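J.: predicted coordinates and the sequence they were generated for:
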Amino acid sequence: MLSSTIGGHDAIKQYENKNKGEVLDFDLLNLPGNSDEITVKKTANVKHVISTVLDFDNMKGVCTGNGRI
């Protein structure tokens, strides 16, 4: 049986972990016009962000205030 270590822990044992991660989906409203994906990811203060989508007004080059993370 092959095994690898991640951070000093046996990776195979992580599959048996009862506290599995959750995927959360948030609709964002009233974001400031200067919002960007990097700022939103930092503000979320979570371990992993799978995707971030912000609505932009391409003519003005600003965030419309809506998004999803």
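T.: Yep, it's here.

J.: over to residue 42. Which of the three states is it?
T.: helix (DSSP: H, G, I helix; E, B strand; the rest coil).

J.: and the longest strand seen in the chain, what does it pack against?
T.: Taking DSSP state E as the criterion, the chain has its longest strand at strand 62-68. Strand 62-68 sits against strand 27-28, strand 53-57, with contacts defined as 3 or more Cβ pairs under 8 Å, 6 or more residues apart in numbering; DSSP states H and E. Every residue, glycine included, has its C-beta placed from N, CA and C.

J.: now mean pLDDT and mean neighbour count too, for those, in a markdown table please.
T.: As requested, the helices and strands packed on strand 62-68 are exported to a markdown table (pLDDT from 0 to 100; neighbours: other Cβ atoms under 10 Å):
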| stretch | mean pLDDT | mean neighbour count |
| --- | --- | --- |
| strand 27-28 | 90 | 14 |
| strand 53-57 | 93 | 14 |
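
J.: okay if I get these as a markdown table plus distance to residue 45?
T.: Formatted as a markdown table, those follow (distance: least, Cβ to Cβ, whole Å):
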| stretch | distance to residue 45 |
| --- | --- |
| strand 27-28 | 14 |
| strand 53-57 | 17 |
